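Participant: How does the following fold in three dimensions:
(one chain, ligands or ions: 3)
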Amino acid sequence: MSGPVDFTRRSMLTLSGLAAAGALAQGVLRPSPARSVGDTALPVPQLLEPRKGEILKLALRKGRHSFGAGKAVPTLGISGEYLSPVVRVRCDEDVAFEVRNQIGEVTSLHWHGLEIPSTVDGGPHNEIRPGDTWADTLPIRQPAATTWFHPHPHGATGRQVYGGLAGMMIIADGGDRERGLPSTYGVDDLPIILQDKRFDRTGAPVYNPGMMDRMHGFQGDVLLVNGVTDPVATVPAGFVRLRVLNGANARNFNLRLSDRRTFWSVAGDGGLLAKPIELASLLIAPGERYELLVDFSNGRPASLVNDPDPAHGDMGMTQQSGSTRLMDFRPNASRKADILRLPGALATLAEPDVKHAAAWRTFRLNAMGRNMGINGKPYDMDRLDFTAKLGATEIWEIISADMPHPFHVHGASFRILSSNGERPAAHQAGWKDVILVEEHAEILVRFNHPASAHHPFMYHCHILEHEDQGMMGQFAVA
Ligand code: C2O
Ligand code: CU
Ligand code: CU
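Facilitator: Ligands and ions are numbered 1, 2, ... in the order given. The predicted model follows:
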């Protein structure tokens, strides 16, 4: 299997293919010296940390970017060529921002995971026309977390995010040193943005969803980390924190380490877990974030590997059959590691209080047949689907009628009550804003931020082709 251009080739070498060649036993997953020539270092986005009174300025623009060893091709980027600088803010500050639209078409910029009033949420009702600048203030009042931002114009979200418009936001509370969590950005605290692409013969990304892609979501056959194929990160020989964001349009990633060492999840979408949860593998759906700790104190390198998606069944038309190396980690023993021990307690998480839930709602997600939408209805910008009570909680039952859907809610966080009839896994027991609903799930949603009927919050499937085709609804909070 060799790609049309050189840079696609390495990431398309699957482990199963290598195993068939008898190479696995010789440890080909370990970075070999031969690979070090021309290896791509993991791109670490610039860190933007607006000071008090400073305006956070972002420009959505056209760019040119090389996804690997190939030549630069046309892309989209936020204040850069592809993806965005990482924005780090404090958990209790007001952040003034300006978002300029220089892409030549209507867009918006949604702050995914921020618990803020709907007027600044950046959904389809916050349209930014070509040439315009959107300026307002984000009142950040929530626990430390890894969130992100991406366009949300109705019908074009998939194409614009795929083009490169997405970035990570870190909400920090200054307590990580005390907790014993790695927190030096770019050293032992790394943004890991996972995506996939299809490339044409010239090496340019292709986005042309056909009938099957519209049904199942648009997946690429080349996997990317921070916008490049198969990069290498040199890390201190201690604990390293990976802030993993699935920024793909439709693909679930099923992560593990090549030598099968375990790792720990310390945070989910909405912030820290009660304590580190040990994992052998992690399934992460589009829109989800997990903060992971990996122990490199033994100095041994390892690769981050993507295994086939267990949730996808036979459905994935473009699903790779084997495992793929996403990136390599090379510990550098001469670099002093800050964190050499696994931290203990991280946060207090109360049991979800279901007794005081104010309402029960059912959402049926359907991608097949004529009724792509939720409860049989496609999204309508002028239809309010319901109103939730400010300050209350509700139990939402979500049913995936045909295939797994990553369900997301704006302006509110939730706790998982059940997933396919089971209690949530420990690493999914904290606050979240995306849940991969394989068949059936129940969540307890908390509404702390107002939304008028004219500027409602969204709930939708985060497979962007489903969202763009109307698997989305909107609600007010009053
Ligand atoms: Cu990440 Cu409504 O989206
Ligand atoms: Cu969102
Ligand atoms: Cu979906």
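
Participant: what residues does the stretch 351-478 of the chain put near ligand 1?
Facilitator: On the criterion CB under 6 Å from any ligand atom, ligand 1 has as its neighbours in the stretch 351-478 of the chain the residues 408, 410, 458, 460, 462. C-beta here means a position set from N, CA and C on the backbone, and glycine is covered the same way.

Participant: And the third one, what's its pLDDT?
Facilitator: The one in question is residue 458. Reported pLDDT at residue 458 in the predicted model: 98.

Participant: Okay, the residue in the stretch 151-300 of the chain positioned nearest to ligand 3 and residue 463: tell me how far apart.
Facilitator: Of all residues in the stretch 151-300 of the chain, residue 217 sits closest to ligand 3, with a separation of 6.8 Å (CB to the ion). Residue 217 sits 4 Å away from residue 463, going by CB to CB, to the nearest Å.

Participant: any common contacting residues for these two?
Facilitator: 249, 250, 286 (CB atoms under 8 Å, 6 or more residues apart in numbering).

Participant: could you check whether stretch 389-401 is close to ligand 3?
Facilitator: No. For a cut-off given as CB under 5 Å from the ion, stretch 389-401 has no contacts with ligand 3; the smallest distance is 7.7 Å.

Participant: buried set for that stretch?
Facilitator: When burial is assessed from 16 or more other CB atoms under 10 Å, stretch 389-401 yields the following buried residues: 393, 394, 395, 396, 397, 398, 399, 400.

Participant: what packs against whichever strand or helix holds the second one?
Facilitator: Element membership for residue 394, per DSSP states H and E: strand 393-400. Under the contact definition 3 or more CB pairs under 8 Å, 6 or more residues apart in numbering; DSSP states H and E, strand 393-400 sits against strand 359-366, strand 434-437, strand 440-446.

Participant: so where do the helices sit in the protein?
Facilitator: Defined through DSSP state H, the helices belonging to the chain, from first to last, are 7-12, 15-20, 157-163, 176-179, 211-216, 464-468.

Participant: Point out the residues in this structure that sit beside ligand 3.
Facilitator: 405, 461, 463, 466.

Participant: who wins for neighbours among those?
Facilitator: residue 461 (33 neighbours; other CB atoms under 10 Å).

Participant: Which single residue in the stretch 301-450 of the chain comes nearest to ligand 2?
Facilitator: residue 410 (4.5 Å).

Participant: got it, and the chain?
Facilitator: Nearest to ligand 2, among the residues of the chain, is residue 112, at 3.7 Å (CB to the ion).

Participant: Quick one: neighbours of that residue, just the number.
Facilitator: Counted with other CB under 10 Å, the neighbours of residue 112 add up to 25.

Participant: Identify the residues contacting it.
Facilitator: Applying CB under 8 Å, 6+ apart, the residues contacting residue 112 are 147, 148, 149, 150, 287, 408, 410, 433.

Participant: The fifth one: how many residues sit nearby?
Facilitator: Think residue 287. One way to gauge burial is a neighbour count; for residue 287, by other CB under 10 Å, it gives 27.

Participant: One more: the second one?
Facilitator: With neighbours defined by other CB under 10 Å, the count for residue 148 comes to 26.
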